[in-house]
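**Student:** Show me how the following folds:
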Amino acid sequence: MHFESHNQPDTAQKDRPLVTVFCAVWHQQPDKLELLRSHWENLKSQSIPVEPCYIFDNGDQAPDWLEAPWHSFSKPLTIYEAWAAGVALAGTRYAMNLNMDDRLATNAVQELSKKAVETRSALVGGDWLICFDKDHLTQEFPVTGYDGTCFVPAWPPRPCEGLRLGSGSGERGTYGAATMWDLEIIGKWYPTYFGNGEPILSIGDAIFWNLLQGKGLKMTRLRKVIGRYYSDPNAQAEFRPHQDNELIKSQGLSTRSFANAVLSGDFSWYGKAEAFAKKPPLNKIEQKSAALEAKYRKIFGLPEQAVAAE
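**Tutor:** Alright, predicted model coming up:
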């Protein structure tokens, strides 16, 4: 495993963006280039500057017209490995995820970052209108209140006019299809594997939120509609068959994140079955990787354990 980076921003530039918005560009994504183009347009339309961060996998390369920062990993990534890479590669105080088929209101990043700064929150989220077609992909729209919306708890959601996710009100329990968090408070880490090394496939965001809540970190909901969430049970990771709920109960959470490998440059463990804790670090890169793992184990109160790779 290795990765290469392109169109990197000038970190010495004055008035740098406050927020990085990252996106996993999965190599098997249907209509990938069409979605990527409108996704990038959505980020460029934000009312304050944002720093995009696109994560390609399986050796995929970005099209020539993508002038945003992007990174290509040589092997296939799970969605949460890609998110962990986005977190590790973010060069701003705040990070935010935004899936390929979801779209933000034009002033969403501004509203969320303002709320995060004002409340000194570790994480902020808002509400989302649920879309069942793709008309929203190229639309521009502002942040709005709840007038004309409704909440129905059924999951997967069923088509209904004005249906919202319920993440801004707390009715569903989720913090959103996408959230923004403070890397200065949380650090560059994201849950990626279970204790036996199996990858997290569907509930990584819920695990992340539960960890933050367990640490008593402030998490704030914005009672406004900040975006459009596309729902398709036949094509999205959150609806695919998985054993995540059983694995988190039986195996617990790995202390290792894919972000550790990106930050340290140590991918020697990736794809191996041996538990990392069975071997001492052999060189400076591996020592750095072990130190990062120990740091975030302590931060999130995770037990010391033998951790397998994928």
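
**Student:** To what extent is residue 201 buried, counted in neighbours?
**Tutor:** If you count neighbours by other CB atoms under 10 Å, residue 201 ends up with 18. In this view, the C-beta of every residue, glycine as well, is placed from N, C-alpha and C.

**Student:** you'd agree it is up against residue 245?
**Tutor:** No. If you go by CB atoms under 8 Å, residue 201 and residue 245 don't touch, sitting 10.8 Å apart.

**Student:** quick one: residue 221 and residue 169 touch, right?
**Tutor:** Yes. Contact criterion CB under 8 Å: residue 221 and residue 169 qualify, at 7.1 Å.

**Student:** Please say which of the two ends up with more neighbours.
**Tutor:** Applying other CB under 10 Å to residue 221 and residue 169 shows that residue 221 carries more neighbours, namely 19 against 16.

**Student:** Might you list the low-confidence residue ranges for the stretch 151-300 of the chain?
**Tutor:** Applying pLDDT under 70 to the stretch 151-300 of the chain picks out residues 234-241, 272-290, 292-300.

**Student:** all helices of it, in order?
**Tutor:** For the stretch 151-300 of the chain, applying DSSP state H, counting those that start in this stretch gives helices covering 183-186, 204-214, 244-250, 258-264, 284-299.

**Student:** check contacts around residue 75.
**Tutor:** Residues in contact with residue 75 (CB atoms under 8 Å, 6 or more residues apart in numbering) are 1, 57, 58, 59, 270, 271.

**Student:** Filter those down to the buried ones, PyMOL style.
**Tutor:** To isolate the buried ones among those in PyMOL, judged by 16 or more other CB atoms under 10 Å, type:
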select buried, resi 57
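
**Student:** ok, of the contacts of residue 75, which one's closest to residue 73?
**Tutor:** residue 57 (4.9 Å; CB to CB).

**Student:** That closest one and residue 6, how far apart?
**Tutor:** Going from residue 57 to residue 6 by CB to CB, to the nearest Å gives 15 Å.

**Student:** Check residue 248 too.
**Tutor:** The value you get for residue 248 to residue 6, if CB to CB is used, is 35 Å.

**Student:** Could you do residue 158 as well?
**Tutor:** Applying CB to CB to residue 158 and residue 6 gives a distance of 41 Å.

**Student:** Over to residue 129?
**Tutor:** 34 Å.

**Student:** hey, which strand is longest across this structure?
**Tutor:** Using DSSP state E, we find that the single longest strand of the chain is strand 219-230.

**Student:** Show me how far that strand is from its chain's centre.
**Tutor:** 15 Å (CA atoms, centre = their mean, to the nearest Å).

**Student:** let's number from 59 now, not from 1
**Tutor:** Shifting the count to begin at 59 puts that one at strand 277-288.

**Student:** If we go by neighbour counts, what in that strand is buried?
**Tutor:** Result for strand 277-288 [16+ other CB under 10 Å]: buried residues 277, 278, 279, 280, 282, 283, 284, 285, 286, 287, 288.

**Student:** Turn these into JSON lines, including distance to residue 163.
**Tutor:** JSON lines is the format used below for the buried residues of strand 277-288 (distance: CB to CB, whole Å):
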{"residue": "277", "distance to residue 163": "21"}
{"residue": "278", "distance to residue 163": "17"}
{"residue": "279", "distance to residue 163": "16"}
{"residue": "280", "distance to residue 163": "11"}
{"residue": "282", "distance to residue 163": "9"}
{"residue": "283", "distance to residue 163": "7"}
{"residue": "284", "distance to residue 163": "5"}
{"residue": "285", "distance to residue 163": "6"}
{"residue": "286", "distance to residue 163": "8"}
{"residue": "287", "distance to residue 163": "12"}
{"residue": "288", "distance to residue 163": "15"}
